[in-house]
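Visitor: Build the 3D model from these lines:
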Amino acid sequence: MQFIDTHTHIYLEDFKEDFSEIISKAKEENVEKFFLPNIDAETIKDVRALYESDPKTYYPMAGLHPCSVKEDWQEQLDQLRSELDTGDYIAVGEIGMDLYWEKKFKPEQEKAFLEQASWAKEKGLPIVIHVRKAFDELFELVDQINDDKLFGIFHCFTGTNEQAKKILNYGGFKLGIGGVVTFKNAKLDKALTDISLENIVLETDAPYLAPHPNRGKRNEPSYIPLIAQKMAEIHDVSIEEVSRITTQNAKEVFGIDE
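Guide: Below is the predicted model:
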């Protein structure tokens, strides 16, 4: 049984003190690969350093998180585009829209998303989309640019069944499911009941959104089986089946053949 954590920020300071222990715990739980979404022009060096330490374990992405889209967004994009051109990255991400904290930079978020999505199309890479309190706004953008070159993951999906089906109807996307699916009050399990496992990848978004019973604590990749077990319950299959299908999904989306 093998798992992939398709979205984890283990390069952050949150893991500096016990990084080796965190990775050992994850591998004991059969989490063998870690996909690293970038945040901004400052964090890309940490993403890259972790990748270079073990390229068959850590897989880097390059992108500008919507919460990092500020006055200097174009300058940051220019730096990240240069990094992406090295050719080592498996995705453009994480990118998207976030209107939870503020809406001041909504126009810039839109421009940044569209520019980065164009990079992905150009390079034949998936995009990893962050969307919070902005599904309708993000859908408007995807509606404009969707074609057979646009594909990837809607990361940390917490929407409705209707929103899930709209995403899947685009044709090239899967849903990234994390710890929120284990929260009783989230009702995400009901939204996913008729969504096939073939449309799902697993993620932690560590250090954020730890699954039950660790909710409120630092999240970490070793908790992936807790998410997998919940998905097994939702779909009435074994955790081994969840492992097999979601791992294959992740490899297909991100072009990993090992």
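Visitor: By residue count, what's the longest helix in this protein?
Guide: Longest helix of the chain, by residue count under DSSP state H: helix 106-123.
Visitor: Of all the residues in that helix, which ones are buried?
Guide: Residues of helix 106-123 classed as buried by neighbour count (16 or more other CB atoms under 10 Å): 106, 108-113, 115-117, 119-121. Every C-beta, even on glycine, is put in place using the N, C-alpha and C of the backbone.
Visitor: For Trp84, give its distance to Asp54.
Guide: Actually, residue 84 is Leu. It isn't Trp. Separation of Leu84 from Asp54 (CB to CB, to the nearest Å) stands at 21 Å.
Visitor: And these two? Which one has more around it.
Guide: Counted by other CB atoms under 10 Å, Leu84 and Asp54 do not tie: Leu84 has more neighbours, with 25 against 10.
Visitor: quick one: contacts for the more buried one?
Guide: If you count contacts by CB atoms under 8 Å, 6 or more residues apart in numbering, Leu84 has them with Ala62, Val92, Trp119, Lys123.
Visitor: and if we set it to 10 Å?
Guide: 38, 44, 60-63, 77, 91-92, 116, 119-120, 122-123, 125 (CB atoms under 10 Å, 6 or more residues apart in numbering).
Visitor: And those residues, which is closest to Ile256?
Guide: For those, the residue nearest Ile256 by CB to CB is Ala91; the value is 10.7 Å.
Visitor: what helix or strand is the residue nearest to the closest one when sequence neighbours are not counted on?
Guide: Leaving out its chain neighbours, the residue that sits closest to Ala91 by CB to CB, 6 or more residues apart in numbering is Met61, at 4.3 Å. Using DSSP states H and E, Met61 sits within strand 58-62.
Visitor: what lines up beside that strand in the sheet?
Guide: Applying DSSP bridges to the sheet, strand 58-62 is found paired with strand 31-36 (parallel), strand 91-98 (parallel).
Visitor: Figure out which of those strands is closest to Lys166.
Guide: strand 91-98 (15.2 Å).
Visitor: how big is the angle separating that closest one from helix 106-123?
Guide: With axes from the mean of the first three to the mean of the last three CA atoms, to 10 degrees defining the directions, strand 91-98 sits at 160 degrees from helix 106-123.
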